[in-house]
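Trainee: Requesting a structural model of the entry that follows:
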Amino acid sequence: MIEALRNAFRLPDLRRKMLYTALILIIYQFAAHVTVPGVDRQALDALFSGDESGFLSVLNLLSGGAVSNFSVIANGVYPYITASIILQLLVPIIPRLEAIAKEPGGQEKINQYTYYLAIPMAALQAIGQVNIFQSQVSQVSNTTLIPGFGFGSNSDLLTTLSVVVTMTAGTMFAIWLGELITEQGIGNGISIIIFAGIVAGVPSGLYQLLQTHFVFNLVAFVSLTIVTVIVIVIIQEGTRRIPVQYGKRVRGRKMYGGGATHIPLKVNTAGMIPLIFAQSIVTFPAIIAGFFSGNTATRIQNTFGNQQGFWYWFVYFWLVVFFTYFYTSVMVQNQNLGENLQKNGGFIPGIRPGRRTQDYINRIVNRITLVGAVFLGAVAILPGIMQVIQRLALGEAAVSGNPALVISSAGLIIVVGVVIDTMRQLEAQLTMRNYDGFMR
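Mentor: Residues are numbered from 1 along each chain as shown. This next block holds a predicted model:
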């Protein structure tokens, strides 16, 4: 692998792409330290000093430290991802969108609509994120994170608008950086941006973790990371191959078709999308509770906003399982494999073409998705499992930090997926130039 990287760096065009990607990532990290105007830094530091393993730490990890600085790009590129997922789900439902997607150049129009939808999604996420921070800060230090922010009688409309507009512009700037990487760098730009944010936050997170119970936390972190990465690679690369046969066609003196191939159905077709869906839904009660006061609202925020308690992990696990099946079903239906096989003269041996073939594929997908859904659910609740192990091994009062949150479950899936995808792209570039690739 090191030799292949060396060979890639020797090529002028690949070297330029790799350096360009690195430059964009450096710019992103600089932007992650530009704080939103009006933020009370002391209140923000006090909030994160008391949140060693909660939801805010997860947000901070996935943003590469942008949340702890309450940067202009604290939303990251997740509004764009959410908008993209929404449009993927709406295209097969709304006939007009489906017709646009099938037109020449239709995918470019869908991408344009995704950018338009990302703007209001970024504004809504900015409002929700500030409200969560405001409620958390008021509990910790009895102050406000951004004085004057809100929509009540005591709020300042100009302050509110400036914060929302600034954070929305920061999100679009991050998306633009990702597009630059996709067009002129190496790999998928949005994925690389998220990957860089996760990796950038690991050293500081690991340093804080090892301040207490050094041996236990170090062994737990290394063991969890190695085992989880191995399992992620196995599940992500696992496929069920369905044999497909194409009938022979004779035209004149020539024979066409008649070949045999297979349909690779992945065990985890949905990737880490169910984790994003489930995380958004499971934290929604905390966002709503942030608009209210009282004991009930406080309990909801403590449970679903700070990743604490049995009910949080129980609901999170089943939401991940549900969204895994839901998103996989949508993806398979969009591909319409049964109809496409029939149009191209292909069939699965022993299965009647058309509707019967689609039903057969759906049954296979549902069976193998069970493994992927349980895997994603187990990975999602790994921090909760680690909390229980810590309490059993160290005692209730001795628990400090969470090795499973130095790189979160979703973060590990993203990191592994991005590394594999980038390695394959570099391998393809090197293979074109008669170099040995990464994958052997």
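
Trainee: rest of the way, CA atoms for contacts and neighbours
Mentor: Noted.

Trainee: Tell me how many other residues crowd residue 227.
Mentor: Residues near residue 227, counting by other CA atoms under 10 Å, number 10.

Trainee: One more: residue 20?
Mentor: 17.

Trainee: I'd say it and residue 187 touch.
Mentor: No. With contact defined as CA atoms under 8 Å, residue 20 does not count as touching residue 187 (11.6 Å).

Trainee: Common neighbours of the two, please.
Mentor: Jointly contacting residue 20 and residue 187 under the rule CA atoms under 8 Å, 6 or more residues apart in numbering are residue 181.

Trainee: average pLDDT for the longest helix seen in the chain?
Mentor: The longest helix of the chain (DSSP state H) is helix 106-141. Mean pLDDT, computed over helix 106-141, is 83.

Trainee: Return the set of buried residues in that helix.
Mentor: In terms of neighbour count (16 or more other CA atoms under 10 Å), helix 106-141 has its buried residues at 110, 114-115, 117-119, 121-123, 125-137, 140.

Trainee: and the nearest residue to residue 236 once chain neighbours are set aside, what is it in contact with?
Mentor: Spatially, and ignoring its direct neighbours in sequence, residue 236 is nearest to residue 268 (5.9 Å; CA to CA, 6 or more residues apart in numbering). Contact analysis of residue 268 by CA under 8 Å, 6+ apart lists 235, 236, 238, 369, 371, 372, 373.

Trainee: any chance of the residues you listed in TSV, plus neighbour count?
Mentor: Converted to TSV, the contacts of residue 268 look like this (neighbours: other CA atoms under 10 Å):
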residue	neighbour count
235	19
236	20
238	17
369	23
371	15
372	25
373	26
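
Trainee: Reformat the residues you listed as TSV; add pLDDT, secondary structure and distance to residue 326.
Mentor: Shown next, in TSV, are these (pLDDT from 0 to 100; DSSP: H, G, I helix; E, B strand; the rest coil; distance: CA to CA, whole Å):
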residue	pLDDT	secondary structure	distance to residue 326
235	86	helix	18
236	81	helix	18
238	85	coil	20
369	89	helix	10
371	89	helix	14
372	87	helix	12
373	90	helix	10
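
Trainee: From residue 217, how far off is the residue nearest to residue 313 when sequence neighbours are not counted?
Mentor: The shortest distance from residue 313 to any non-neighbouring residue, by CA to CA, 6+ apart, is to residue 381 (5.9 Å). Distance, residue 381 to residue 217, by CA to CA, to the nearest Å: 18 Å.

Trainee: ditto for residue 97
Mentor: 50 Å.

Trainee: Of these two, which one has the most company?
Mentor: residue 217 (21 against 17).

Trainee: Next up, the contacts around the closest residue to residue 39 other than its chain neighbours.
Mentor: Counting by CA to CA, 6+ apart, residue 146 is the residue found nearest to residue 39 once chain neighbours are left out, at 4.9 Å. Counting by CA under 8 Å, 6+ apart, residue 146 makes contact with 38, 39, 40, 134.

Trainee: 7 Å - rerun?
Mentor: Neighbouring residues of residue 146 by CA atoms under 7 Å, 6 or more residues apart in numbering: 38, 39, 40.

Trainee: Just the buried subset of those, please.
Mentor: Neighbour-count burial (16+ other CA under 10 Å) applied to the contacts of residue 146 gives residue 39.

Trainee: Out of the contacts of residue 146, which comes closest to residue 24?
Mentor: Taking CA to CA as the measure, residue 24 lies nearest residue 39 of the contacts of residue 146, at 26.3 Å.

Trainee: Please tell me how far that closest one sits from residue 168.
Mentor: Distance, residue 39 to residue 168, by CA to CA: 16 Å.

Trainee: try residue 135
Mentor: Using CA to CA, residue 135 is found at 21 Å from residue 168.

Trainee: ok, how many other residues are close to residue 77?
Mentor: There are 25 residues near residue 77, going by other CA under 10 Å.

Trainee: List the contacts of it.
Mentor: Contacts of residue 77 by CA under 7 Å, 6+ apart are 171, 174, 175.

Trainee: would CSV of these with pLDDT be doable?
Mentor: Listed next are those as CSV, based on pLDDT from 0 to 100:
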residue, pLDDT
171, 90
174, 90
175, 90
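
Trainee: Pick the one among those closest to residue 431.
Mentor: Nearest to residue 431 among the contacts of residue 77, with distances taken as CA to CA, is residue 175, at 30.3 Å.

Trainee: And the closest residue to the closest one other than its chain neighbours, its phi and psi?
Mentor: Leaving aside its chain neighbours, residue 175 sits nearest to residue 77 (5.8 Å; criterion: CA to CA, 6+ apart). When read as degrees, to the nearest 10, the backbone of residue 77 gives phi -110, psi 10.

Trainee: if I've got this straight, the residue nearest to residue 39 is in a strand?
Mentor: No. Counting by DSSP: H, G, I helix; E, B strand; the rest coil, residue 146 is not found in a strand; it is coil.

Trainee: Tell me how many other residues crowd residue 406.
Mentor: 28.

Trainee: got it, and the one 4 residues further on?
Mentor: Burial of residue 410, expressed as a neighbour count using other CA under 10 Å, amounts to 22.

Trainee: Please report how far it lies from residue 369.
Mentor: 18 Å.

Trainee: Next, the contact list for residue 385, please.
Mentor: Residue 385 neighbours (CA under 7 Å, 6+ apart): none.

Trainee: Validate this expectation: it resides in a helix.
Mentor: Yes. Checked against three-state DSSP, residue 385 lies within a helix.

Trainee: mind listing what residue 317 touches?
Mentor: Applying CA under 7 Å, 6+ apart, the residues near residue 317 are 377, 380, 381.
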